[in-house]
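S.K.: Quick one, fold the following:
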Amino acid sequence: MNLKVNWDALGVTASVACAIHCAVLPLLLSSLPILGFDIIRNAFFEYLMIGLAFLIGTYSLSHGYRKQHHRVLPLALFSAGIVLLVLKQVYHDYHIWFLLPAVLAIVSAHFFNFRFCRVLNHAHSADCDH
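M.R.: Numbers count the residues shown, from 1 in each chain. The predicted model follows:
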């Protein structure tokens, strides 16, 4: 059995999961302590989610860049999104001001990567080996 993973789809899924996590978590703020869970203020969990999104996104976007489109826009958007997510963790008072553009940048990066990979005339450079 030959299993082929669509890393771009996995990157989009991880980004959406992160967005859902960030949107739903405040709604559960009042009920989680009653249930005995404290992931609201758990910095390790937040950095773990950012790290997971970074690893999957980096692999997904770099694969599209190297093998398909050779465009920097998805990588630049993704990098900006990850930086904004880290800043969201550092500057808690401005949480929402960093979160919304971060999610938008990361999802846009995967969207552009997906679109660029589907173009019929690939943008190959002279050093391209495929």
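S.K.: make it CA atoms for all contacts and neighbour counts henceforth
M.R.: Noted.
S.K.: just the helices in the protein please.
M.R.: Here the chain has its helices, by DSSP state H, at 7-24, 32-35, 43-64, 73-90, 95-117.
S.K.: And for residue 59, the neighbour number?
M.R.: Residue 59: 14 surrounding residues under other C-alpha atoms under 10 Å.
S.K.: what's the distance between it and residue 77?
M.R.: When C-alpha to C-alpha, to the nearest Å is applied, the distance between residue 59 and residue 77 equals 15 Å.
S.K.: same question, residue 91
M.R.: To residue 77, residue 91 is 21 Å away according to C-alpha to C-alpha.
S.K.: Looking at those two, which is more packed in?
M.R.: Neighbours per residue, other C-alpha under 10 Å: of residue 91 and residue 77, the larger number sits with residue 77, 20 against 11.
S.K.: does that one really touch residue 113, like I thought?
M.R.: No - Residue 77 is beyond contact range of residue 113, at 10.2 Å (criterion: C-alpha atoms under 8 Å).
S.K.: Averaged over its residues, which helix or strand of the protein has the lowest pLDDT?
M.R.: helix 32-35 (a mean of 67; mean pLDDT, DSSP states H and E).
S.K.: what's the distance between residue 106 and residue 4?
M.R.: Distance from residue 106 to residue 4, by C-alpha to C-alpha: 23 Å.
S.K.: okay, those two: which has more neighbours?
M.R.: Set residue 106 next to residue 4 and count neighbours by other C-alpha under 10 Å: residue 106 wins out with 30 against 6.
S.K.: Please identify the nearest residue in space to that one, excluding sequence neighbours.
M.R.: Residue nearest to residue 106 in three dimensions, not counting chain neighbours: residue 78, with 4.8 Å by C-alpha to C-alpha, 6 or more residues apart in numbering.
S.K.: Contact partners for that neighbour?
M.R.: With contact set as C-alpha atoms under 8 Å, 6 or more residues apart in numbering, residue 78 has these partners: 57, 105, 106, 108, 109, 110.
S.K.: TSV for these, including distance to residue 85 and pLDDT?
M.R.: Below are those laid out as TSV (distance: C-alpha to C-alpha, whole Å; pLDDT from 0 to 100):
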residue	distance to residue 85	pLDDT
57	13	87
105	10	94
106	10	91
108	15	92
109	14	92
110	16	86
